[in-house]
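Asker: How does the following fold in three dimensions:
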Amino acid sequence: MCGFADYFVLCTGESERQLHAILDEIAHALKKSGVMPHHTEGSADSGWVLLDYGDVIIHVFAPEEREYYQLDRLWSNSSPVLRIQ
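Answerer: Now for the predicted structure:
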């Protein structure tokens, strides 16, 4: 679907505390495997954090920002690998 990444991960945290927990666990698990982000943008208190791991782009949203930006709709023609609700 795009030339700059193989996978997009979209997830939502219900509070700023949960956003921090999600971000911390992603960073910890990938760092443990020797994978470091190429770039990060945003912050938990802004409601949207982008983690660029090269072939994998991770978006961690607060509910309002996820609804506003509607990346789910933007990538609706792609094939989901896994959907957890």
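Asker: residue boundaries of the helices in the protein?
Answerer: 16-32, 63-69, 71-74 (DSSP state H).
Asker: Out of those helices, the one nearest Phe8 is which?
Answerer: helix 71-74 (7.5 Å; Cβ to Cβ). Any C-beta I mention is one placed from the backbone N, CA and C, and that applies to glycine too.
Asker: Contacts for that closest one next, please.
Answerer: With Cβ atoms under 8 Å, 6 or more residues apart in numbering as the test, helix 71-74 has contacts from 8, 10, 59, 66.
Asker: follow-up on the earlier one: quick one: the helices of the chain as TSV, columns for distance to Ala44 too.
Answerer: Shown next, in TSV, are the helices of the chain (distance: least, Cβ to Cβ, whole Å):
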stretch	distance to Ala44
helix 16-32	4
helix 63-69	11
helix 71-74	18
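Asker: so how far does stretch 57-69 reach from one end to the other?
Answerer: Stretch 57-69 stretches 16 Å from its first residue to its last (Cα to Cα, to the nearest Å).
Asker: Buried residues of it, list them for me.
Answerer: Neighbour-count burial for stretch 57-69, counted by 16 or more other Cβ atoms under 10 Å, picks out 57-62, 65-66.
Asker: one step back: need the helices of the chain in CSV (columns: mean pLDDT and distance to Leu50).
Answerer: As requested, these are exported to CSV (pLDDT from 0 to 100; distance: least, Cβ to Cβ, whole Å):
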stretch, mean pLDDT, distance to Leu50
helix 16-32, 96, 11
helix 63-69, 96, 11
helix 71-74, 84, 10
